[in-house]
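Chemist: model the structure of this input:
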Amino acid sequence: MNPAGPTGADTPGPLQAGRVLPQRAAPAVVDGVAIDEAAVTRARLARLRAEMAARDLDAVVLLDPVNLRFATGTRNMQIFTARNPARYALVPVEGPVTVYEFHGAGHLAAAGPVVDRVCEATTVSYVAAGDHRDDKARAWARELAAAIREAVPEARRIGIEPVQHLAAEALAAEGFVLCDAQEPVERARARKTDAEIAMMKASLRVVEKGVHALRDAIRPGASENQVWAELHRSVIADDADYVETRLLNSGPRTNPWYQESSPRVIEANELVALDTDVVGPYGIYADFSRTFFSGPGKPSDEQRRLYRTAWEQIHHDVELVKAGRSSREIAEAAWPVPDEFWERRYFVLMHSVGLTGEYPYILHGRDMQDHGYDAVLEENMTLCVEAYIGGAQGGEGVKLEQQVRVTRDGYELLSAFPFEDELLSREV
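Modeler: Numbers count the residues shown, from 1 in each chain. You can find the predicted model right below:
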């Protein structure tokens, strides 16, 4: 297959027949909550439309594959379409939802539970259109403008996600005021239903199984990539979508953070740190971090100190989670990162999580004035509480993270992977 191939006619028509529908499994049940994916998608679309109406948006054009899945319940080549505008959706505040699907893949979108119409996408990019980009952009805008006015005849304000600038300019030339679509989508994604929480728990259980397999593969002589591959093998076998990053590192590569998995061979008695970042079953993000010890000896006093410090941070900060609390309140009450670790602190205290990392971000108190913003935790938001401890002078570092649900009185812990007794100086 060549995903950069055909891009469709200028005025493709809707897919009316010949649909190939995927087999659907019976709804799963997690903690007594039935998971009906079609019902979840209908509820998500209703939330999005409510947020659109609150911002006087007549329609939104979605190109982010994660937001496409959220609003329409459809997916197709999510990594590829994250950088190639080869599929998109039009969601009017009322009226038919249209997915403009990649050439030859209309049957995938046609199975979407809220999709009323499927058209072939017009891809506006140099790779797909070459010197005909201007023509493609105008064709893209004409088709969307016609569909928007069919659904909302007096449409004026249109939310749009990042797209090739010629396409955006052409749509504006059709007489619309273009606005940022991210705000209503992120607000719609922020609060979860019970079914979405059940989906998140199912995703976490799959990823925790994968991290156990990864942990079992850690040994001196194994490479970081060999160990990291165990997570991929396990989660994909259990129907996860993909792993968004490759954050696993060992020994001196644990500090600073954000060093990606490599061919480096793990040595004896080193720390091995990871951040899962798995888009798991149901397209739900399972995002927790752990740090392990390679053995075969015992952790050093310094390794235990680093681990215990990170453990104290997330256990202090998770207790601040409660519906009604503001980001500034949390930042002011957060565990104070010691000066020796401040320079390489993790960039947020907490971030929301759903299909991926989401709104809001909650920053450290010392960062709030220049970089933070006001946000209030709401019941049934889901958050990841972060900690990274590593000194600016080098040495090893420790990454820990927990995933929680915001409740009226506090939080529900969602991530269940254990911490390392040996690194906490506990009796095993």
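Chemist: quick check: domain ranges of this structure?
Modeler: 28-189, 194-413 (automatic domain parsing).
Chemist: for Ser425, find the nearest of those.
Modeler: Among the domains of the chain, domain 194-413 comes nearest to Ser425, with 5.4 Å by Cβ to Cβ. Heads up, the C-betas are built off the backbone N, CA and C, glycines and all.
Chemist: buried residues in the helix or strand harbouring Phe80?
Modeler: Using DSSP states H and E, Phe80 sits in helix 78-81. Neighbour-count burial for helix 78-81 flags 78, 81 (criterion: 16 or more other Cβ atoms under 10 Å).
Chemist: export that helix as CSV, just CAs?
Modeler: Output in CSV follows, covering the C-alpha atoms of helix 78-81 (Å, rounded to 0.1, in the frame of the first residue of the first chain):
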residue,chain,number,x,y,z
GLN,A,78,-3.8,7.4,12.8
ILE,A,79,-0.1,7.9,12.8
PHE,A,80,0.0,8.5,9.0
THR,A,81,-2.9,10.9,9.1
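Chemist: now the element after it, going C-ward?
Modeler: Toward the C-terminal end, the helix or strand that comes next after helix 78-81 (DSSP H and E) is strand 88-92.
Chemist: can you list the strands that that following strand pairs with?
Modeler: Using DSSP bridges, strand 88-92 pairs in its sheet with strand 59-62 (antiparallel), strand 98-101 (antiparallel).
Chemist: what's the closest of these to Glu379?
Modeler: With distances scored as Cβ to Cβ, the stretch of the strands paired with strand 88-92 nearest to Glu379 is strand 59-62 (25.8 Å).
Chemist: from what I see, Val353 and Val279 are in contact.
Modeler: No: applying Cβ atoms under 8 Å as the test, Val353 and Val279 come out as separate, 10.9 Å apart.
Chemist: need the residues touching each of these two.
Modeler: Residues touching both Val353 and Val279 (Cβ atoms under 8 Å, 6 or more residues apart in numbering) are Tyr285.
Chemist: Asn255 and Ala310 touch, don't they?
Modeler: No: between Asn255 and Ala310 there is no contact under Cβ under 8 Å: 12.0 Å.
Chemist: run through the stretch 301-428 of the chain and note the low-pLDDT ranges.
Modeler: For the stretch 301-428 of the chain, applying pLDDT under 70 flags the ranges 426-428.
Chemist: now do the strands in the stretch 301-428 of the chain.
Modeler: 350-353, 357-362, 382-390, 397-406, 411-413 (DSSP state E, counting those that start in this stretch).
Chemist: which of the ones you listed sits closest to Glu94?
Modeler: Comparing the strands of the stretch 301-428 of the chain by Cβ to Cβ, strand 357-362 comes nearest, at 24.8 Å.
Chemist: show me where pLDDT drops low in this structure?
Modeler: 1-27, 426-428.
Chemist: dump the top helix by length along it to PDB, restricted to CA.
Modeler: Counting by DSSP state H, the longest helix found in the chain is helix 194-217. In PDB, the C-alpha atoms belonging to helix 194-217 read as follows (Å, rounded to 0.1, in the frame of the first residue of the first chain):
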ATOM      1  CA  ASP A 194     -18.900   6.100  33.500                       C
ATOM      2  CA  ALA A 195     -18.500   4.100  30.300                       C
ATOM      3  CA  GLU A 196     -15.400   6.000  29.300                       C
ATOM      4  CA  ILE A 197     -13.900   5.400  32.700                       C
ATOM      5  CA  ALA A 198     -14.600   1.700  32.200                       C
ATOM      6  CA  MET A 199     -12.800   1.900  28.900                       C
ATOM      7  CA  MET A 200      -9.900   3.600  30.500                       C
ATOM      8  CA  LYS A 201      -9.600   0.900  33.200                       C
ATOM      9  CA  ALA A 202      -9.700  -1.800  30.500                       C
ATOM     10  CA  SER A 203      -6.900   0.000  28.600                       C
ATOM     11  CA  LEU A 204      -4.800   0.300  31.800                       C
ATOM     12  CA  ARG A 205      -5.200  -3.400  32.600                       C
ATOM     13  CA  VAL A 206      -3.800  -4.300  29.100                       C
ATOM     14  CA  VAL A 207      -0.900  -1.900  29.500                       C
ATOM     15  CA  GLU A 208      -0.100  -3.000  33.000                       C
ATOM     16  CA  LYS A 209       0.200  -6.600  31.700                       C
ATOM     17  CA  GLY A 210       2.600  -5.300  29.100                       C
ATOM     18  CA  VAL A 211       4.700  -3.500  31.700                       C
ATOM     19  CA  HIS A 212       4.900  -6.700  33.700                       C
ATOM     20  CA  ALA A 213       6.300  -8.400  30.600                       C
ATOM     21  CA  LEU A 214       8.700  -5.500  30.100                       C
ATOM     22  CA  ARG A 215       9.800  -5.600  33.700                       C
ATOM     23  CA  ASP A 216      10.500  -9.400  33.400                       C
ATOM     24  CA  ALA A 217      12.800  -8.700  30.400                       C
END
